[in-house]
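1. No letters, just coordinates:
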């Protein structure tokens, strides 16, 4: 028999508070600049790899096809994780909603699994090329 007098937990989690690196505004701008620079270099490097593979006809082999997909995956993985961090640093709002947190976690895991799958396929491609050459 359930009694109405028993205390129940009726709280809901609507957002999480994220801890930043520091509360010092000078250091926050330095950290923002550093992470933005690293993010832009990562995006530019991966885009250059994709463009080189797509424009050079000698690189139209399975290994470079997988390398191009790995670059696209790296762009997506970095974008999922770094963008929210940059927004939080710049806006001084250290919160993320529960839905956004689950969405970010989902995509981070999807891209991590896809990267592992691509690396396994690339390793198998090298294995076949070495052990059973054409």
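-> Cool, got the structure. Note that this is a predicted model, so its numbers are computed, not measured. Numbers count the residues shown, from 1 in each chain.
2. Could you use CA atoms for every contact and neighbour count after this?
-> Will do.
3. In contact with the residue minimising distance to the centre of the chain, which residues?
-> A centroid search over the chain (C-alpha atoms, centre = their mean) returns residue 77, at 2.3 Å, as the residue closest to the centre. Residues near residue 77 by C-alpha atoms under 8 Å, 6 or more residues apart in numbering: 107, 108, 111, 112.
4. Now the buried members of those residues.
-> 108, 111 (16 or more other C-alpha atoms under 10 Å).
5. ok so, going back, separation between the residue nearest to the centre of the chain and residue 121?
-> From residue 77 over to residue 121 the distance is 19 Å, taken as C-alpha to C-alpha, to the nearest Å.
6. picking that back up, measure how far the helix or strand hosting the residue nearest to the centre of the chain is from the centre of its chain, please.
-> Using DSSP states H and E, the element containing residue 77 is helix 62-91. Chain-centre distance of helix 62-91: 5 Å, with C-alpha atoms, centre = their mean, to the nearest Å.
7. Pull out the buried positions in that helix.
-> Neighbour-count burial for helix 62-91, counted by 16+ other C-alpha under 10 Å, picks out 64-75, 77-78, 80, 84-86, 88-90.
8. which residues of the chain fall in helices?
-> Per DSSP state H, the chain carries helices over the ranges 25-55, 62-91, 98-131.
9. closest to residue 7 out of those helices?
-> Judged by C-alpha to C-alpha, the one of these that comes nearest to residue 7 is helix 98-131, at 25.0 Å.
10. pLDDT weak spots in the chain?
-> For the chain, applying pLDDT under 70 flags the ranges 1-5, 10, 13.
11. again, 80 this time
-> Along the chain, the parts satisfying pLDDT under 80 run over 1-25, 92-93, 133-134.
12. No more questions from me, cheers.
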